[in-house]
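Undergrad: what follows is a predicted protein model with its sequence.
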Amino acid sequence: MPFSRGLSSFFLAAASIRINLTSTLSISSSSHRLPDPVKYNVLHDVTRVLCLSDLHVDKQANLEWLKRKSASTLTKSDLLIVAGDISHRYERLRNTFEIIQGTGCRVIFVPGNHEAWDDQCSYRKLKDVKELCRDMGVLVDPTVINSFDNPLWILPLLSWYDGSLEIPGCEDLCTDFSGWPWTDFRACEWNDHPPMGGSYAKIPLNLANYFHELNT
């Protein structure tokens, strides 16, 4: 499984669509095969899909930016994908979703590495984050938009570091993980996946495969 810099990623399959919050992303067409038996949501009357990530609203300036941008940009016909890293704090997550939903915009959230931070059990933390989302009407499951006319599939995926980086010229990033000071290696507790040790030191053993199996 390819190396991932964080926990969250997503796959969009549809005819080409423009996504614009601060930039434009083009998405090419792909298979419309139903991901049965996975639970999925169906949305209609969405005219615009937007995406952003790494809000990091623990910094007050970022939260204030979100308030301004949401009020001036989002409408009830929009769908906003937030691809991870809002906060490790439940109250900040809730506050962020309330700000976005206050515009009438619908939200899909894919947990990021910061949402997994918990010194007791990161598996439970991610489960609780998803339950918080569902309680607030924030979507965390596969979703299809305009299912009968040019459908767009949004498939949230989870991943984690696996100790490799399959990009030429980046080999130096794959060595001496024992020396990496990343908070992800200190703030998460993956009880069933102990550190690999050796040159991979802090990378949780088979955790990337665990998430891969959840996605499939």
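TA: Yes, it's here.

Undergrad: got phi/psi on the residue nearest the centre of the chain?
TA: Centrality entry for the chain: nearest residue to the mean C-alpha point is Val110, 2.7 Å, by C-alpha atoms, centre = their mean. As for Val110, its main-chain torsions (degrees, to the nearest 10) stand at phi -110, psi 120.

Undergrad: for it, give me the pLDDT.
TA: With respect to pLDDT, Val110 has a value of 96.

Undergrad: same thing with Val38?
TA: At Val38, the pLDDT value in this model is 59.

Undergrad: and for Leu52?
TA: Per-residue pLDDT puts Leu52 at 94.

Undergrad: thinking it is in contact with Asp78, fair?
TA: No - taking contacts as C-beta atoms under 8 Å, Leu52 lies outside contact range of Asp78: 12.0 Å. From N, CA and C alone the C-beta is placed, and that goes for glycine too.

Undergrad: which one's more surrounded, the two?
TA: Asp78 (20 against 15; other C-beta atoms under 10 Å).

Undergrad: hey, what's that one bridged with?
TA: Arg48 (DSSP bridges).

Undergrad: who's in contact with it?
TA: Counting by C-beta atoms under 8 Å, 6 or more residues apart in numbering, Asp78 touches Val46, Thr47, Arg48, Val49, Leu50, Thr103, Cys105, Arg106.

Undergrad: how long is stretch 189-204 from one end to the other?
TA: Length of stretch 189-204, first residue to last, C-alpha to C-alpha, to the nearest Å: 9 Å.

Undergrad: next, the buried residues of it.
TA: Glu189, Trp190, His193, Pro195, Met196, Tyr200, Lys202, Ile203, Pro204 (16 or more other C-beta atoms under 10 Å).

Undergrad: and those, which of them are in helices?
TA: Within the buried residues of stretch 189-204, no residue falls in helices by DSSP state H.

Undergrad: least confident pick among those residues?
TA: Of all those, Tyr200 carries the smallest pLDDT score, 66.

Undergrad: okay, and for this structure, where does confidence drop off?
TA: Residue ranges of the chain with pLDDT under 70: 1-38, 147, 165-167, 171, 173-180, 198-200.

Undergrad: before we move on, the earlier item: hmm, Asp85 and the residue nearest to the centre of the chain touching each other?
TA: No - using C-beta under 8 Å, Val110 is not in contact with Asp85, being 9.8 Å away.

Undergrad: who's in contact with the nearest residue to Asn206 once chain neighbours are set aside?
TA: Spatial nearest neighbour of Asn206, excluding adjacent residues (C-beta to C-beta, 6 or more residues apart in numbering): His193 at 5.8 Å. With contact set as C-beta under 8 Å, 6+ apart, His193 has these partners: Pro204, Leu205, Asn206, Leu207, Tyr210.

Undergrad: tell me which two in these are the farthest apart.
TA: Leu205 and Tyr210 (9.6 Å; C-beta to C-beta).

Undergrad: run through who's touching stretch 116-132.
TA: Counting by C-beta under 8 Å, 6+ apart, 7, 88, 90, 93-94, 111, 115, 138, 140, 158, 183-184, 187-192 sit against stretch 116-132.
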